[in-house]
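Engineer: One predicted model, sequence on top.
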4 protein chains.
Amino acid sequence: MNVNISGMSDLEEAIQKVREDVAALHGELVRYGLVVWTGGNVSGRVPGADLFVIKPSGVSYDDLAPENMILCDLDGNAIEGTPGSERSPSSDTAAHAYVYRHMPEVGGVVHTHSTYGVAWAARGEEIPCVITAMADEFGGPIPVGPFAIIGDDSIGRGIVETLRGHRSRGVLMQNHGPFTIGSSAKDAVKAAVMLEDVARTVHIAKQGGDLIPLPQEAIDALYDRYQNVYGQSSDDRRAEQS
Amino acid sequence: MNVNISGMSDLEEAIQKVREDVAALHGELVRYGLVVWTGGNVSGRVPGADLFVIKPSGVSYDDLAPENMILCDLDGNAIEGTPGSERSPSSDTAAHAYVYRHMPEVGGVVHTHSTYGVAWAARGEEIPCVITAMADEFGGPIPVGPFAIIGDDSIGRGIVETLRGHRSRGVLMQNHGPFTIGSSAKDAVKAAVMLEDVARTVHIAKQGGDLIPLPQEAIDALYDRYQNVYGQSSDDRRAEQS
Amino acid sequence: MNVNISGMSDLEEAIQKVREDVAALHGELVRYGLVVWTGGNVSGRVPGADLFVIKPSGVSYDDLAPENMILCDLDGNAIEGTPGSERSPSSDTAAHAYVYRHMPEVGGVVHTHSTYGVAWAARGEEIPCVITAMADEFGGPIPVGPFAIIGDDSIGRGIVETLRGHRSRGVLMQNHGPFTIGSSAKDAVKAAVMLEDVARTVHIAKQGGDLIPLPQEAIDALYDRYQNVYGQSSDDRRAEQS
Amino acid sequence: MNVNISGMSDLEEAIQKVREDVAALHGELVRYGLVVWTGGNVSGRVPGADLFVIKPSGVSYDDLAPENMILCDLDGNAIEGTPGSERSPSSDTAAHAYVYRHMPEVGGVVHTHSTYGVAWAARGEEIPCVITAMADEFGGPIPVGPFAIIGDDSIGRGIVETLRGHRSRGVLMQNHGPFTIGSSAKDAVKAAVMLEDVARTVHIAKQGGDLIPLPQEAIDALYDRYQNVYGQSSDDRRAEQS
């Protein structure tokens, strides 16, 4: 085991970093109005380990310190003896775990009941890609996933089956709400914020009359450019760029 | 009379605790945008006594200190000589008192004129249960109560007759607005926050087209699970969980 | 001239009090989202004098100190040599002045371009009284005033002709927006806040389907009770009550 | 080169002033809810030089200090060796640069994806001038510009061709969103704030039924008066007035 200057092993340091990120990122859900009361959850994979960090169940957004976050294995079980493990993890932990087991490229997962995302989900209607910001970020429509209720693997399986091979990092689980994925917890939070933003904008646009479709070749060009050209650095590019 | 370490009797201490809770919980109504100006009110029953604590009438949300809250008997009369009793209690006190007299299991009552809740109430239309978060929290539709105006027991009676035996902890009084109940003041505030959240989401969903109904067996399964399985502890479970 | 303990005459003290109130009340317009940039204005009559205090034209809501407010006579001219008089008063000063000259019972006037109020005004449609909070506060529908543009007395005259003898303290000037009056600047601000709240709520209610009318006798009973019975004190009762 | 009391040349001082303005003005985009995550950008021309200052690409609104802003020439290239130049400028820099090259009277440019502005843009529908505040500020409808995607001069050209000779300081680029111009960065930000405000208000008005058109002569009179008569001073009049 490598021990670094802080006296923590590399793994301990990686876990601590993810705890801090996940705790702080919950604040972004509040800032952007995506959650009420104790709803919603962010998780982040620990790089190089079969572990992820997630919010405890039913804790106020005012009390989300890094040491309250819960470290879980990829079956969604809290790792006994670690900080926070005396609490129950989020009731959506099984869905997050399923995604991490089946999509190794995913580093972060977010679930909210954000208003406009849920509204499209209650109609089982995908969000059409009619604005350039949506082409940049999602590369096409935001799809609907199957109706599934909590209690087995069906939510996680629905997320993975809908998003695998899809450009979109967000899915609207029918009658339930959005789940987003990303290369990191921050990238998944960005996807959740942008999903609600386009869900709101396209809803309002549609209330006013017919929408002008975006040509497929424009969608392709915008998506390709945004994913590959822009941004300040090569790491975690998408979460940082405008 | 038991006197505890703080020099207060158990009853005095219980009253003080409810005063602090009720005062602080008014801040949640502001945080979630459920109230404007001096509108809205939260009350909490004093455990083990025929008393409850409620907001004074017409006092700014900037001035809601525990000692300004008003202690009332179950007829809604301020207890003379107690802090705050020189003021009039909220004009909705009679309705709160009626609920406490007729529903002994209720520990908290909240009334707001929150935008979307009132909008459904102005049409006399119940909110259909089309999203899983609503099944979790309310176990079905949020019902409409009768039209009743302030001045006698008709509001309180309408609340009780609508909610008694109903899964929902919230009722939309026709042309008036939402009242919610809970095991504690905090639980009733959570219900008020969630009611407005689902009222907004289902309104917006419906503006966009037809809604997909939730199967009754899914509603039953979600409600049962949320009320009985999840949460960090057995006390005041529902107010805490996500 | 009476000189009081602070070394100010009674009139100077009254002016200073109105300056402080008017400056602080502009913050309520921001808090409730009724204004953007430098739009909107609050004025207050100086009790016992033919004077009122109003916001300067085009000053940021971050810079509204009492000494920046402008003291005007009832023709809307700044009183030379008084603090703030080197600036131009709000471009709506003539309309405020007209109201003070013709409605001696009015102690405060507010104008905003609040979103939902302006939306009804752009259709020239009065807001129907379908919720009890609106019956309490406005005693019936909120009426539409004539189309009039800035530059002569026509806005002020339109406000006065619409509101004189009307229960409503607010008018929607067609294609323009709301003006509200009150017994004090605070009471007029409360009316502006409540007007936007009911404009929003009734708009949303109407988008969802047919509204249930309130019986006229219920409107009368609610209005009478709210204006005459409730509240903590006899002074400025309406602005304080819930 | 003139060197002034601060030890900076006049040009250095002018650049520093624009850096400070542009950095601070991004905060107004956040305050008015016009942007999410790292989206949106403000730029300002350096008076008396072929230079402008713009936001870096993909930097959080929490990190926008003056020294992070990027100084560019009128082809949109960062000036090497100046503070911030190690970063990439906003991905919309080419469009801003095109505007500065072709509209010498323009001192500031703003781009956002504000919700209601984008909603009109997704339908390719101009915003009709039905409220007096819109006549004051924009002098008529807010026009739609052509569909154009990032990567060449087509966005900049579309902005210039639409706004040159038009009273409106804002254009809705089809399927994309608003760009606004002004005599300074602050004036362009005011235009962006007012554009979203009227986009929201007119959308909501139209959802409720038919709108009453404003007579053209009233629009002309309001626009003329607002641009020429009101305000506290002759400099940057429009950005300051109410």
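Structural biologist: The structure has been received and is ready for your questions. Numbering: from 1, shown residues only, chains lettered A, B, ... in the order given.
Engineer: Now do the buried residues in stretch A:98-114.
Structural biologist: Within stretch A:98-114, the residues scored as buried using 16 or more other C-beta atoms under 10 Å in any protein chain shown are A:98-103, A:106-114. Backbone N, C-alpha and C define where each C-beta goes, glycine included.
Engineer: correct me, but A:Val198 touches A:Ile131?
Structural biologist: Yes. Proximity of A:Val198 to A:Ile131 meets the contact threshold set by C-beta atoms under 8 Å, at 6.7 Å.
Engineer: show me what contacts the residue nearest the centre of chain A?
Structural biologist: By C-alpha atoms, centre = their mean, chain A has its centre lying nearest to A:Val110, at 2.8 Å. Applying C-beta atoms under 8 Å, 6 or more residues apart in numbering or on different chains to A:Val110 gives the contacts A:29, A:40-43, A:179-182, A:185, A:188-189, A:191-192.
Engineer: who's it bridged to?
Structural biologist: Counting by DSSP bridges, A:Val110 is bridged to A:Val42, A:Thr180.
Engineer: so how far is A:Gly44 from it?
Structural biologist: 10 Å (C-beta to C-beta, to the nearest Å).
Engineer: which neighbours do the two share?
Structural biologist: Common contacts of A:Val110 and A:Gly44 (C-beta under 8 Å, 6+ apart): A:Ala185.
Engineer: residues contacting A:Arg123?
Structural biologist: Contacts of A:Arg123 (C-beta under 8 Å, 6+ apart): B:205, B:208-212.
Engineer: number of nearby residues for the residue nearest to A:Gly182 when sequence neighbours are not counted?
Structural biologist: Of all residues not flanking A:Gly182 in the chain, A:Ala188 sits nearest, at 3.4 Å (C-beta to C-beta, 6 or more residues apart in numbering or on different chains). Residues near A:Ala188, counting by other C-beta atoms under 10 Å in any protein chain shown, number 28.
Engineer: host element of A:Ala188?
Structural biologist: Element membership for A:Ala188, per DSSP states H and E: helix A:185-207.
Engineer: by how many degrees do that helix and helix B:185-207 diverge?
Structural biologist: 50 degrees (axes from the mean of the first three to the mean of the last three C-alpha atoms, to 10 degrees).
Engineer: Using PDB, write down the CA coordinates of helix A:185-207.
Structural biologist: The C-alpha trace of helix A:185-207 is given here as PDB (Å, rounded to 0.1, in the frame of the first residue of the first chain):
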ATOM      1  CA  ALA A 185     -20.000  13.100 -10.000                       C
ATOM      2  CA  LYS A 186     -19.600  16.700 -11.100                       C
ATOM      3  CA  ASP A 187     -20.200  15.700 -14.700                       C
ATOM      4  CA  ALA A 188     -23.400  13.900 -13.700                       C
ATOM      5  CA  VAL A 189     -24.600  16.900 -11.700                       C
ATOM      6  CA  LYS A 190     -24.000  19.100 -14.700                       C
ATOM      7  CA  ALA A 191     -26.100  16.700 -16.800                       C
ATOM      8  CA  ALA A 192     -28.900  16.900 -14.200                       C
ATOM      9  CA  VAL A 193     -28.800  20.700 -14.200                       C
ATOM     10  CA  MET A 194     -28.800  20.900 -18.000                       C
ATOM     11  CA  LEU A 195     -31.500  18.200 -18.300                       C
ATOM     12  CA  GLU A 196     -33.900  20.300 -16.100                       C
ATOM     13  CA  ASP A 197     -32.900  23.400 -18.000                       C
ATOM     14  CA  VAL A 198     -33.800  22.000 -21.400                       C
ATOM     15  CA  ALA A 199     -36.900  20.200 -20.000                       C
ATOM     16  CA  ARG A 200     -38.200  23.500 -18.800                       C
ATOM     17  CA  THR A 201     -37.200  25.500 -21.900                       C
ATOM     18  CA  VAL A 202     -38.600  23.000 -24.400                       C
ATOM     19  CA  HIS A 203     -41.800  22.600 -22.300                       C
ATOM     20  CA  ILE A 204     -42.400  26.400 -22.400                       C
ATOM     21  CA  ALA A 205     -41.500  26.600 -26.100                       C
ATOM     22  CA  LYS A 206     -44.000  23.900 -26.900                       C
ATOM     23  CA  GLN A 207     -46.800  25.600 -24.900                       C
END
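Engineer: Contacts made by the helix or strand just after it with the rest, please.
Structural biologist: Sequence order places helix A:216-228 as the next helix or strand after helix A:185-207, per DSSP H and E. With contacts defined as C-beta under 8 Å, 6+ apart, helix A:216-228 is touched by A:129, A:132, A:135-140, A:167, A:237-238, A:241, D:147, D:149-151.
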